[in-house]
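In: curious how this folds, go ahead:
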Amino acid sequence: MATLLNSSFSTQPPSKALSSPIPFLTPSFLRHVHFRNLINPTPKPLSTSTNPHAFKHTAIHCSSSGSIITSSNPIGIFSLFQEFGLYERESEALFQKHPFLQYASPESLRLRFDSLLSVKITRFAVHHLITKRPEILTAAEIGPFLDFVRENLEGIKPGKLERLLITTEPRFLVGFDEKIGLLLDHGIPREKLVRVINDLNLKVFCQRGIEKTERTVIFLNCYSSNLVIRRPMLLNLDLNRQLIPRAGFFTELSGDKKTTEILVQKFPVILSYTVEHLQMHMEFWRSIGLRDEEIFKIILVYPSVFSISKERKLQPRIEFLKQCGLNANDIFKFLIKAPLFLSLSFEENLSKKLGFLVKLGYEHRTRELVMAIGAATRTSCENMQMVVGVFLSYGLSCEDIFAMSKKHPQVLQYNHGSLEKKMEYLIEGMGRDIGELLAFPAFLGYKLDERIKRRYEEKKVVRGKGMSLNKLLSVSTERFLNKNSREMVFELDEVKMD
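Out: Numbering: from 1, shown residues only. Next up is the predicted model:
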């Protein structure tokens, strides 16, 4: 029945596999299975004190080959292998590769197969595993490891376990449970533990000693208590050769460990870049005239700047800014406001926006074009088109839109839906003319309910409806409240005098 159920794994037709009650005991097979050294025909059995699945064995002498197969039940082993798709040739290779299988009992092998299946490794994957690393079936370290995974790490990806078992010597699996306990002790919530494990390189994690692992966790926790949760792969980095030099690079650049902590908390991936890579980027920014403190401010605003290709993106785009008349100080101010300009795709994003802006009235290689494209990096081409459509629907011309965007480039990045609500309130709620936007386009950047409506409703009682949009909205909240209080007191005094 097992053969029929698993015939899809067979290297020969099922009918042939069932033609003999002992399909593997062929002269060809036995000649290749040298289970005992003939000089020492009585090998020492495995210790039952260290191996709970110690394998009892008896000898079956085969006169046709002169070899000896040692097993309590070789027919049972062959049947078990056949159940997992291992037929004659693969079984021959398996016993040649790992002679210790001769001491295995079918019962112990069945337990190991069941343990592999219990952690969601498929039968096909088990077949692959044991052909690559047959010692998985006999190594004493594998059993406790699989038991721990099954009982404590439900949800771990089977593919990760497969790769770990294929690439890692069993001895490195000892202590895996202690390292998992260490993560829990240092603040990893149990409900997030499996996600952290799934993101790790488990081979590196298992091969590193528990003391080194703990020192790495403590170091990362100094920057943020949830750093390991957000970026588990940092645990795979070497503390002395990688993490400490990289963190030190930013501390030296900023002159302040606290600022480095802010940077790492904001973008944990930044510790994945090599010091050599970081230095290469620093040399580029220094070459265009930026000071270290300016470079660090750009990094704080946009830490992923280190992932941008220097040759494909950084150099040509900085050259474009220079051609538009920006000096080093201008470039610094521009990148603080529009860092996405450095990383957006030119073909799919920037080129379309540049074409749109030129059609709107901007000239090539001008500072105005740079300011407009900087604002446009925060929105999509579709939204820009809809924004222009809203302006046109309210009677503004392309020249008006161009004039507004030159004065306040951000108008092109605002959401077209909220923009339309503000313009509707300006006309219907405040009774103003749409032309007032030409004098104060920044009106469209304020929040409708929290600032525009609230301030207008308060001021129209005291000052009437004719107050300019600029005076109404541009003063700070503190100053607005103070002025409003003084005006209310003055109004009450007038009432008393009457």
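In: kindly provide the distance from the closest residue to residue 214 other than its chain neighbours to residue 211.
Out: Spatial nearest neighbour of residue 214, excluding adjacent residues (C-beta to C-beta, 6 or more residues apart in numbering): residue 182 at 5.6 Å. From N, CA and C alone the C-beta is placed, and that goes for glycine too. As for residue 182, its distance to residue 211 is 10 Å (criterion: C-beta to C-beta, to the nearest Å).
In: which one of these two has more residues nearby?
Out: residue 182 (16 against 9; other C-beta atoms under 10 Å).
In: may I ask which helix or strand encompasses that one?
Out: helix 176-185 (DSSP states H and E).
In: I'd like the average pLDDT over the helix or strand following that helix.
Out: Downstream of helix 176-185, the first helix or strand assigned by DSSP H and E is helix 190-199. Averaging pLDDT along helix 190-199 yields 96.
In: which residues are contacting helix 190-199?
Out: By C-beta atoms under 8 Å, 6 or more residues apart in numbering, the surrounding residues in contact with helix 190-199 are 153-157, 160, 180, 183-184, 188, 228-229, 232-233.
In: return the members of those classed as buried.
Out: 153, 156, 160, 180, 183, 188, 228, 229, 232, 233 (16 or more other C-beta atoms under 10 Å).
In: mind listing which of those residues are in helices?
Out: 160, 180, 183, 228, 229 (DSSP state H).
In: I'd guessed the last one sits against residue 188; true?
Out: Yes: if you go by C-beta atoms under 8 Å, residue 229 and residue 188 touch, sitting 6.4 Å apart.
In: show me where the chain has its strands.
Out: With DSSP state E, the ranges of strands along the chain come out as 59-61, 68-70.
In: quick one: mean pLDDT over the first one.
Out: This means strand 59-61. Across strand 59-61, the average pLDDT comes to 29.
In: repeat for the last one
Out: Looking at strand 68-70 alone, the average pLDDT works out to 38.
In: lowest-pLDDT helix or strand in the chain?
Out: Least confident helix or strand of the chain, by mean pLDDT, DSSP states H and E, is strand 59-61 with a mean of 29.
In: mind checking pLDDT for residue 488?
Out: On pLDDT, residue 488 comes in at 45.
In: hmm, I was thinking of residue 53
Out: Predicted confidence (pLDDT) for residue 53: 36.
In: I'd guessed residue 235 sits against residue 220; true?
Out: Yes: using C-beta under 8 Å, residue 235 is in contact with residue 220, at 7.5 Å.
In: hey, what's in contact with both of those two?
Out: Listed contacts common to residue 235 and residue 220 are residue 228; contacts here mean C-beta under 8 Å, 6+ apart.
In: roughly how far apart are the residue lying closest to residue 368 once chain neighbours are set aside and residue 412?
Out: Closest residue in space to residue 368, ignoring its immediate chain neighbours: residue 406 at 5.5 Å, by C-beta to C-beta, 6+ apart. When C-beta to C-beta is the yardstick, residue 406 and residue 412 sit 11 Å from each other.
In: the two: which is more packed in?
Out: Higher neighbour count among residue 406 and residue 412: residue 412, with 24 against 17, using other C-beta under 10 Å.
In: how much space separates that one from residue 376?
Out: Counting by C-beta to C-beta, the separation of residue 412 from residue 376 is 6 Å.
In: so how far is residue 442 from residue 411?
Out: Residue 411 is 8 Å from residue 442, by C-beta to C-beta.
In: and these two? which has more neighbours close in?
Out: The neighbour count for residue 411 versus residue 442, taken as other C-beta under 10 Å, is higher for residue 411 (23 against 16).
In: quick check, pLDDT for the more buried one.
Out: 94.
In: isn't it up against residue 403?
Out: No: taking contacts as C-beta under 8 Å, residue 411 lies outside contact range of residue 403: 10.5 Å.
In: returning to that earlier point: quick check: the residue nearest to residue 214 vs residue 218, distance?
Out: 10 Å.
In: need the contact partners of the helix holding residue 182.
Out: In this structure, residues lying in contact with helix 176-185 by C-beta under 8 Å, 6+ apart are 144-145, 148, 152-153, 190, 193, 196-197, 205-206, 210, 213-214, 217, 228.
In: re earlier: which neighbours do residue 406 and residue 412 share?
Out: Counting by C-beta under 8 Å, 6+ apart, the contacts common to residue 406 and residue 412 are residue 372.
In: what number of residues lie near the nearest residue to residue 155 once chain neighbours are set aside?
Out: What sits nearest to residue 155 in space, not counting adjacent residues and going by C-beta to C-beta, 6+ apart, is residue 194, at 4.3 Å. For residue 194, the count of nearby residues is 15 (other C-beta under 10 Å).
In: how far away is residue 194 from residue 294?
Out: Counting by C-beta to C-beta, the separation of residue 194 from residue 294 is 43 Å.
In: same question for residue 90.
Out: Taken as C-beta to C-beta, the span from residue 90 to residue 294 is 64 Å.
In: so where's the stretch 1-150 of the chain uncertain?
Out: Scanning the stretch 1-150 of the chain for pLDDT under 70 picks out the ranges 1-78.
In: 80 instead, please
Out: Counting by pLDDT under 80, the stretch 1-150 of the chain contains low-confidence ranges at 1-96, 100-104.
In: next: the stretch 351-498 of the chain.
Out: Along the stretch 351-498 of the chain, the parts satisfying pLDDT under 80 run over 461-466, 481-498.
In: what segments of it are helices?
Out: For the stretch 351-498 of the chain, applying DSSP state H, counting those that start in this stretch gives helices covering 351-360, 367-376, 381-393, 398-407, 416-424, 436-439, 454-463, 469-473, 477-497.
In: quick one: closest of these to residue 110.
Out: Nearest of the helices of the stretch 351-498 of the chain to residue 110, taken as C-beta to C-beta: helix 381-393 at 61.3 Å.
In: from residue 184, how far off is the closest residue to residue 154 other than its chain neighbours?
Out: Once flanking residues are discounted, residue 154 sits nearest to residue 194: 7.2 Å by C-beta to C-beta, 6+ apart. Per C-beta to C-beta, residue 194 is found 12 Å from residue 184.
In: got it, and residue 420?
Out: Residue 420 is 52 Å from residue 184, where distance means C-beta to C-beta.
In: same thing with residue 320?
Out: Separation of residue 320 from residue 184 (C-beta to C-beta): 51 Å.
In: and the helix holding residue 182, how far from the chain's centre?
Out: 23 Å (C-alpha atoms, centre = their mean, to the nearest Å).
In: brilliant, that's me finished.
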